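Asks: need a structure here:
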Amino acid sequence: MNATVGDRLLVHGNAVGERDRGGVIIEVQGPDGGPPYSVRFDDGHTGLVFPGPDAVIVPH
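Replies: Okay, the predicted model is just below:
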């Protein structure tokens, strides 16, 4: 999984009724665009993310 600053990270809910979460990648810390990523989520909080198989990168 590779990303650049400005791409969106979408994390699909993994339980019935759980909502998907999304945010903008504000920093790529891994080599060659790899994780971890600093993400500013749509609800306003920022976190360091190591995306799992339920995550998708949407290029900007």
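Asks: all helices for the protein, in order.
Replies: Per DSSP state H, the chain carries no helices over any range.
Asks: The residue nearest the centre of it bridge partners, please.
Replies: The C-alpha lying nearest the average C-alpha coordinate of the chain belongs to Leu9 (CA atoms, centre = their mean; 3.1 Å). The partner list for Leu9 in beta bridges (DSSP bridges) reads Gly23, Ile57.
Asks: so who does it touch?
Replies: With contacts defined as CB atoms under 8 Å, 6 or more residues apart in numbering, Leu9 is in contact with 3, 22-25, 37, 39, 49, 51, 55-58. All C-beta atoms are positioned from the backbone trio N, CA, C, and that covers glycine.
Asks: Against Asp42, how distant is it?
Replies: In this structure, Leu9 and Asp42 are 10 Å apart, going by CB to CB, to the nearest Å.
Asks: got it, and His60?
Replies: Looking at His60 against Asp42, where the rule is CB to CB, the gap reads 15 Å.
Asks: Same check on Gly30?
Replies: From Gly30 over to Asp42 (counting by CB to CB), the distance is 23 Å.
Asks: Check Gly17 too.
Replies: Spatial separation of Gly17 from Asp42 under the definition CB to CB is 18 Å.
Asks: Give me the more crowded residue out of the two.
Replies: Neighbours around Gly17 and Asp42, counted as other CB atoms under 10 Å, are more numerous at Asp42. The numbers are 12 against 5.
Asks: Wait, the more buried one touches Val11, no?
Replies: No: because the distance of 11.1 Å does not satisfy CB atoms under 8 Å, Asp42 is recorded as not touching Val11.
Asks: Touching both of those two, which residues are there?
Replies: For the pair Asp42 and Val11, residues contacting each of them under the criterion CB under 8 Å, 6+ apart are 21-22.
Asks: Now for the nearest residue to Gly33 once chain neighbours are set aside, how many residues are close by?
Replies: Leaving out its chain neighbours, the residue that sits closest to Gly33 by CB to CB, 6 or more residues apart in numbering is Asn2, at 3.6 Å. When counting by other CB under 10 Å, one arrives at 13 neighbours for Asn2.
Asks: which ones are touching Asn2?
Replies: If you count contacts by CB under 8 Å, 6+ apart, Asn2 has them with 32-34, 57.
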